[in-house]
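**Student:** Give me coordinates for this.
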Amino acid sequence: MVIRLALAGNPNCGKTTLFNNLTGTTQHTGNWPGVTVEKKEGKLKGNKEVIVTDLPGIYSLSPYSPEEVVARDYLIKDKPEVIINVVDATNLDRNLYLTTQLIETGIPVVVALNMIDVVEKNGDQINVEKLSSLLGCEVVKISALKKIGMDNLITTAVNTAKTKKKFLIKQIFSDKLEKIIADVSTIIAKQTEEHQTRWYAVKLLEKDEQATASLLLTAQQKAEIEKIVTNLETEFDDDGESIITNERYNYISTVVKDTSKKNKKSGLSTSDKIDRVVTNRWLALPIFAGVMVLVYYISISTIGGWMTDWVNDILFGEMLIPGAESWLTSVGAADWLNSFIVNGVISGVGAVLGFLPQMIVLFILLAILEDCGYMARIAFIMDRIFRKFGLSGKSFIPIMIGTGCGVPGIMASRTIEQESDRKITAMTTTFIPCSAKIPIIALIAGALFGGSVWIAVSAYFIGVIAIIMSGIILKKMERFSGTPAPFVVELPPYHLPGLKTVALSTSDRAKAFIKKAGTVIFVACALIWFLSSYSWSLQPVGIEDSILESISSAICGIFTPLGWGDWQATVATITGFIAKENVLGTFGTLFGLSEVSDGGEELWGFVAASFTQLSAYSFLIFNLLCAPCFAAIGAMRRELGNKGCLFAVGYQMVFAYAVALCVYQFGMFFTGHGFTAYTMLAVIALVGIIYFLVRPDKRLKSRKVEALRT
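**Tutor:** Next up, the predicted model:
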């Protein structure tokens with residue numbers, strides 16, 4: 001017998017940590033059918049008959065977000081044997097709102113009272129037996145982080161599933177409202193399964209359109225229910241959903257009062273004391289900036305840099321490349337095959353994988369910040385800023401995800417309810433440096449700026465500034481009009497990050513990067529090798545007479561105003577649209593990274609000879625802000641449609657070109673190189689950017705006029 005356990009709970013309640021503890025390495029991830037909301041599923045450790053499904057973090061079963069729709073569709077349609085409701089024991093008032101809705105589904109519920117160790121440490125008390133009695137379901141104390149109560153939780157959940165005992169749903173509303181729910185239940189009884197009748201009745205009183213549509217009610221039934229709802233709203237002088245919500249919270253406040261007791265002497269918790277500093281109105285942003293400087297310093301200039309040097313210099317430079325070349329020569333491989341494998345594949349892909357250690361260190365640090373609770377604070381802090389520019393703090397969640405890869409970052413924009421915010425976020429998320437752009441940053445920093453950590457930090461904040469500027473510009477366009485979506489986020493107590501959670505998060509991101517290197521980048525490097533080794537007549541030639549050189553030379557002039565109008569930099573940028581890692585892979589193929597000595601002096605010398613500091617920084621900015629890789633463009637197409645995606649790519653290209661142009665040309669002017677036609681072009685670009693930033697919102701003006709007329 002297969003037993004399906006569904007984990008449900010609010011965001012940041014510890015659900016992911018619990019899921020990792022229960023499933024270990026037997027889990028797999030993907031997307032729910034038809035939506036870009038992450039689906040996690042795995043087999044219980046030690047029992048392959050138990051399947052654990054981690055539902056998206058939600059606050060209710062109302063269909064206001066893709067996560068809520070996915071969660072409730074799974075529960076109502078797929079009907080798992082048991083729901084394990086993960087509840088943050090430090091915040092019962094907020095978490096029990098979802099609990100009452102889950103119980104109404106008629107599916108057996110086991111409440112996992114998580115973070116009980118924090119509750120006890122604070123000197124607070126929760127009467128579990130009384131809480132279980134009032135809710136009408138089993139309640140188990142656990143600490144997912146410290147693995148307390150895991151066996152008891154699973155035993156309780158499995159036994160509940162095996163016994164298949166029906167439990168009586170507690171009446172949580174007033175007698176008057178309960179009678180109205182009973183009347184609606186009688187009307188729809190034949191259209192629903194017995195255990196789901198109450199859930200549907202409550203949803204009909206809330207005027208839930210999806211629930212109404214799924215029942216296929218007759219005209220007479222609809223008329224009877226509409227009359228009941230109208231009478232209810234008239235009697236309570238409020239809309240149906242608000243009436244249900246208010247009564248639900250009244251019940252929850254009674255439950256919390258009767259079952260929990262706060263330690264009055266405890267004062268502020270450790271998390272509250274820390275938040276007084278890190279979320280302070282004046283200190284929050286400087287602290288955030290300092291944290292990001294430290295993250296990039298560790299991942300690029302110290303630990304990550306040392307590991308990358310070893311991979312590039314020893315693993316590839318002294319072991320793999322010479323070994324492959326020697327072996328191919330010994331077996332009598334043709335020169336073209338030797339060149340293809342050594343210069344095309346190993347050198348190109350190796351140039352990218354050589355930076356994997358830096359990215360792994362970065363992934364570890366970001367996972368630590370996320371798991372300890374600080375990332376939720378960053379989203380809260382950024383909401384103050386984003387809201388001033390027409391965006392919600394929810395936009396920062398996809399941006400945080402985008403630091404690993406732009407594709408899931410774009411897909412995460414679906415969590416934003418407001419359509420205009422969602423579109424803008426999907427368009428601008430890739431401005432933030434993802435893992436694929438880290439090698440480009442490291443190359444420019446090492447070759448032209450002595451490995452300065454400030455190049456990486458500036459790249460990150462250029463991305464944030466570009467997102468803010470784009471929010472201002474795009475919000476004034478008709479297609480992106482709308483009010484910023486409200487931002488609600490749980491701030492979990494600070495805690496030491498779980499080793500397993502950090503390891504799994506890091507491995508998922510690293511595997512995605514390696515998979516791309518082994519597929520897309522492999523093909524791209526092979527193509528670059530062919531185009532750079534043969535002429536149009538398919539004769540083997542040097543790079544200077546190759547197909548690649550002729551194509552790039554024909555178009556490289558458009559980048560001359562940006563300071564790097566040579567064909568090598570042009571082809572590196574073009575191949576970056578396949579995958580941003582290809583920028584390094586292309587340089588590796590074109591200029592022989594296999595010959596790089598300790599520290600990469602040959603490559604750095606070539607880059608330093610081809611760029612000035614100003615032109616290199618312009619090259620970096622353009623590659624950071626221009627259209628992302630094909631995979632990310634595909635994700636944008638799914639979110640924005642064909643026309644929206646074309647507009648997004650066009651906007652990104654124009655914006656990146658304008659910013660890089662201004663940086664280079666004004667840099668040249670202020671360093672004494674005079675005023676040229678290109679400088680004038682930069683002035684025009686700057687005036688255009690300023691105009692779109694400060695121009696009045698005509699729609700806002702028309703609304704004010706209409707309000708005055710009214």
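**Student:** Run through who's touching the host helix or strand of Thr254.
**Tutor:** Using DSSP states H and E, Thr254 falls within helix 240-259. With Cβ atoms under 8 Å, 6 or more residues apart in numbering as the test, helix 240-259 has contacts from 62, 92-93, 96-97, 100-101, 126-127, 130-131, 134-135, 172-174, 177, 202, 205-207, 229, 232-233, 236, 238. The way it works is simple: take the backbone N, C-alpha and C, and place the C-beta from them, glycine included.
**Student:** Now do the helix or strand following it: which elements does it pack against?
**Tutor:** Per DSSP H and E, the first helix or strand lying C-terminal to helix 240-259 is strand 260-261. When contacts are defined as 3 or more Cβ pairs under 8 Å, 6 or more residues apart in numbering; DSSP states H and E, strand 260-261 packs onto strand 125-126.
**Student:** residue boundaries of the strands in the stretch 101-250 of the chain?
**Tutor:** Remark: strands assigned in the stretch 101-250 of the chain by DSSP state E, counting those that start in this stretch are 109-114, 125-126, 138-141.
**Student:** closest one to Arg276 among the ones you listed?
**Tutor:** Arg276 lies closest to strand 109-114 among the strands of the stretch 101-250 of the chain, at 24.8 Å (Cβ to Cβ).
**Student:** Report the rounded mean pLDDT for the closest one.
**Tutor:** For strand 109-114, mean pLDDT is 94.
**Student:** Now the strands of the stretch 101-250 of the chain in JSON lines, please, with extra columns for mean neighbour count.
**Tutor:** Shown next, in JSON lines, are the strands of the stretch 101-250 of the chain (neighbours: other Cβ atoms under 10 Å):
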{"stretch": "strand 109-114", "mean neighbour count": "27"}
{"stretch": "strand 125-126", "mean neighbour count": "16"}
{"stretch": "strand 138-141", "mean neighbour count": "21"}
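**Student:** Distance to Glu68 for those - can I get that in JSON lines?
**Tutor:** Formatted as JSON lines, the strands of the stretch 101-250 of the chain follow (distance: least, Cβ to Cβ, whole Å):
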{"stretch": "strand 109-114", "distance to Glu68": "17"}
{"stretch": "strand 125-126", "distance to Glu68": "27"}
{"stretch": "strand 138-141", "distance to Glu68": "24"}
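**Student:** Among those strands, which comes closest to Asp275?
**Tutor:** strand 109-114 (20.1 Å).
**Student:** Pull the CA coordinates from the closest one and hand them back as CSV.
**Tutor:** Below are the C-alpha coordinates for strand 109-114, written out as CSV (Å, rounded to 0.1, in the frame of the first residue of the first chain):
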residue,chain,number,x,y,z
VAL,A,109,-4.5,16.2,9.2
VAL,A,110,-1.5,15.8,11.5
VAL,A,111,-0.1,19.1,12.8
ALA,A,112,3.7,19.2,13.1
LEU,A,113,4.3,21.9,15.7
ASN,A,114,7.7,22.9,14.4
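**Student:** in the chain, which helix or strand is least confident?
**Tutor:** In the chain, no helix or strand scores lower on mean pLDDT, DSSP states H and E than helix 698-709, which sits at a mean of 47.
**Student:** list the contacts for Leu362?
**Tutor:** Counting by Cβ under 8 Å, 6+ apart, the residues that Leu362 touches are Val295, Tyr296, Ser299, Ile300, Gly304, Thr403, Ser435, Ile438.
**Student:** Mind doing that once more with 6 Å?
**Tutor:** Taking Cβ atoms under 6 Å, 6 or more residues apart in numbering, we find Leu362 in contact with Ser299.
**Student:** Tell me the spacing between it and Ala456.
**Tutor:** 9 Å (Cβ to Cβ, to the nearest Å).
**Student:** Between the strands of the stretch 101-250 of the chain, which one is closest to Ala554.
**Tutor:** strand 109-114 (61.4 Å).
**Student:** outside of that closest one, which residues touch it?
**Tutor:** With Cβ under 6 Å, 6+ apart as the criterion, strand 109-114 contacts 14, 82-87, 89, 102-103, 137-142, 144, 153, 156-157, 160.
**Student:** Narrow those to those in helices?
**Tutor:** Leu102, Ile103, Leu153, Thr156, Ala157, Thr160 (DSSP state H).
**Student:** on that earlier part again, buried members of the contacts of helix 240-259 into ChimeraX, please.
**Tutor:** ChimeraX command restricting the contacts of helix 240-259 to the buried ones, with burial defined by 16 or more other Cβ atoms under 10 Å:
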select :62,92,96,97,100,101,126,131,134,135,172,173,177,202,205,206,229,232,233,236
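**Student:** So which of the contacts of helix 240-259 are in helices?
**Tutor:** Using DSSP H, 92-93, 96-97, 100-101, 130-131, 134-135, 177, 202, 205, 229, 232-233, 236 are the members of the contacts of helix 240-259 that sit in helices.
**Student:** Spatially, what comes nearest to Val50 if we skip its sequence neighbours?
**Tutor:** Of all residues not flanking Val50 in the chain, Leu44 sits nearest, at 3.8 Å (Cβ to Cβ, 6 or more residues apart in numbering).
**Student:** What are the structural domain limits within this structure?
**Tutor:** 3-163, 175-261, 286-693 (automatic domain parsing).
**Student:** I'd like to know which elements the strand or helix carrying Ala289 is packed against.
**Tutor:** Counting by DSSP H and E, the element that carries Ala289 is helix 284-296. For helix 284-296, the elements it packs on are helix 453-475, judged by 3 or more Cβ pairs under 6 Å, 6 or more residues apart in numbering; DSSP states H and E.
**Student:** now with 7 Å?
**Tutor:** helix 374-388, helix 453-475 (3 or more Cβ pairs under 7 Å, 6 or more residues apart in numbering; DSSP states H and E).
**Student:** residues contacting Ala466?
**Tutor:** Taking Cβ atoms under 7 Å, 6 or more residues apart in numbering as the contact definition, Ala466 lies against Phe431, Leu625.
**Student:** So it versus Thr302, what's the distance?
**Tutor:** For Ala466, the distance to Thr302 equals 28 Å [Cβ to Cβ].
**Student:** all helices for the stretch 551-700 of the chain, in order.
**Tutor:** 567-575, 582-591, 601-610, 613-625, 630-670, 677-694, 698-709 (DSSP state H, counting those that start in this stretch).
**Student:** Take those and write them to JSON lines, including distance to Arg479 and mean neighbour count.
**Tutor:** Formatted as JSON lines, those follow (distance: least, Cβ to Cβ, whole Å; neighbours: other Cβ atoms under 10 Å):
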{"stretch": "helix 567-575", "distance to Arg479": "29", "mean neighbour count": "23"}
{"stretch": "helix 582-591", "distance to Arg479": "32", "mean neighbour count": "28"}
{"stretch": "helix 601-610", "distance to Arg479": "40", "mean neighbour count": "16"}
{"stretch": "helix 613-625", "distance to Arg479": "21", "mean neighbour count": "23"}
{"stretch": "helix 630-670", "distance to Arg479": "8", "mean neighbour count": "19"}
{"stretch": "helix 677-694", "distance to Arg479": "15", "mean neighbour count": "14"}
{"stretch": "helix 698-709", "distance to Arg479": "11", "mean neighbour count": "10"}
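**Student:** Could you dump these into JSON lines with distance to Ser253 added?
**Tutor:** As requested, the helices of the stretch 551-700 of the chain are exported to JSON lines (distance: least, Cβ to Cβ, whole Å):
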{"stretch": "helix 567-575", "distance to Ser253": "59"}
{"stretch": "helix 582-591", "distance to Ser253": "57"}
{"stretch": "helix 601-610", "distance to Ser253": "64"}
{"stretch": "helix 613-625", "distance to Ser253": "50"}
{"stretch": "helix 630-670", "distance to Ser253": "40"}
{"stretch": "helix 677-694", "distance to Ser253": "47"}
{"stretch": "helix 698-709", "distance to Ser253": "39"}
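**Student:** Those: which one's closest to Ser507?
**Tutor:** helix 630-670 (19.7 Å).
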